[in-house]
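Participant: model this:
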Amino acid sequence: MEATNARSLDEYGSPEEVAIALAALGEADFARLGRIAQLRARGLPGVEWRDILHDAIQRSLDGTRRWPVDVPFATFLRGVMRSIASEHWRRRTLDRRNTQPANDEGFAETIASDDPDPERSAIARGLVEQLERLVGDDRVLSGIVAGLGEGLDPTDIQARVGLSVTEYNSARRRLRRLITRATPETLG
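Facilitator: Sure thing, here's the model as predicted:
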């Protein structure tokens, strides 16, 4: 029998189950989701973080995005917010392409580049600076943040900082927990 990635209908939460899961989220869950939404909305002109969070909740309630019941609900909402933010970035990129001036033949000229646009680069630099302040004097986390900021892949970061795969993964989990617990004041 061939394995498939398709889920059956009973593997998704009903609208009632979604509402129950949403009501079961605590204050800490919403605070964490809010911080994630703030990071996702950063740099998106005209998009507030509350819009991303509310849109994710709305899409889960109205069935636009279906909740697989084997995935924790807060994790599902984080994925929906990531998807919504990606949609906004794609739409923004398409809008920018569609408003480019035409050349003499009437065609818009687009020069392909692997470089991120200056606005996203500035946002990324700001995030790296915030992370550097957050990790402080922790040599391992500082090395990981610096490597990520330089665009290094995990094996290069591991070699630079002198970590095994297990140590690297443990340090990344520690970094994620630190970011999750961070407040706007500590990110300064």
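Participant: what's the closest non-adjacent residue to residue 69?
Facilitator: Nearest residue to residue 69, sequence neighbours excluded (C-beta to C-beta, 6 or more residues apart in numbering): residue 13, at 5.1 Å. Yep, even glycine has a C-beta here, placed from its N, CA and C like the rest.
Participant: OK, contacts around the one you found?
Facilitator: With contact set as C-beta atoms under 8 Å, 6 or more residues apart in numbering, residue 13 has these partners: 21, 66-69, 73.
Participant: which SSE is residue 71 in?
Facilitator: Residue 71 is part of no helix or strand when elements are defined by DSSP states H and E.
Participant: Tell me which other helices or strands the helix or strand harbouring residue 126 touches.
Facilitator: Applying DSSP H and E as the criterion places residue 126 in helix 118-135. If contacts are counted by 3 or more C-beta pairs under 8 Å, 6 or more residues apart in numbering; DSSP states H and E, helix 118-135 sits against helix 139-149, helix 165-181, helix 184-187.
Participant: Pull the distance from that helix to the chain's centre.
Facilitator: Centre-to-centre, helix 118-135 and its host chain are 14 Å apart (C-alpha atoms, centre = their mean, to the nearest Å).
Participant: and what of stretch 16-29?
Facilitator: Using C-alpha atoms, centre = their mean, the offset of stretch 16-29 from its chain centre is 21 Å.
Participant: And the residue positioned nearest the centre of the chain, which helix or strand is it part of?
Facilitator: Of all residues in the chain, the one closest to the mean position by C-alpha atoms, centre = their mean is residue 82, 4.8 Å from it. In this assignment (DSSP H and E), residue 82 forms part of helix 73-98.
Participant: That helix - what's its average pLDDT?
Facilitator: For helix 73-98, the mean per-residue pLDDT is 84.
Participant: Stretch 181-188 now?
Facilitator: If you average the per-residue pLDDT over stretch 181-188, you get 66.
Participant: what angle do the helix holding residue 126 and helix 139-149 make?
Facilitator: 180 degrees (axes from the mean of the first three to the mean of the last three C-alpha atoms, to 10 degrees).
Participant: Which of the residues in helix 118-135 are classified as buried?
Facilitator: For helix 118-135, the neighbour count (16 or more other C-beta atoms under 10 Å) marks 124, 127, 130-131, 134-135 as buried.
Participant: Between these, which sits nearest residue 61?
Facilitator: In terms of C-beta to C-beta, no member of those lies closer to residue 61 than residue 127, at 30.7 Å.
Participant: rewinding a little: quick one: which of the contacts of residue 13 sit in helices?
Facilitator: Cross-referencing the contacts of residue 13 against helices under DSSP state H gives 21, 73.
Participant: and the contacts of residue 13, which are buried?
Facilitator: 21, 66-67, 69, 73.
Participant: Quick check: of these, which lies closest to residue 39?
Facilitator: residue 73 (19.5 Å).
Participant: Residue 45 in helix, strand or coil?
Facilitator: coil (DSSP: H, G, I helix; E, B strand; the rest coil).
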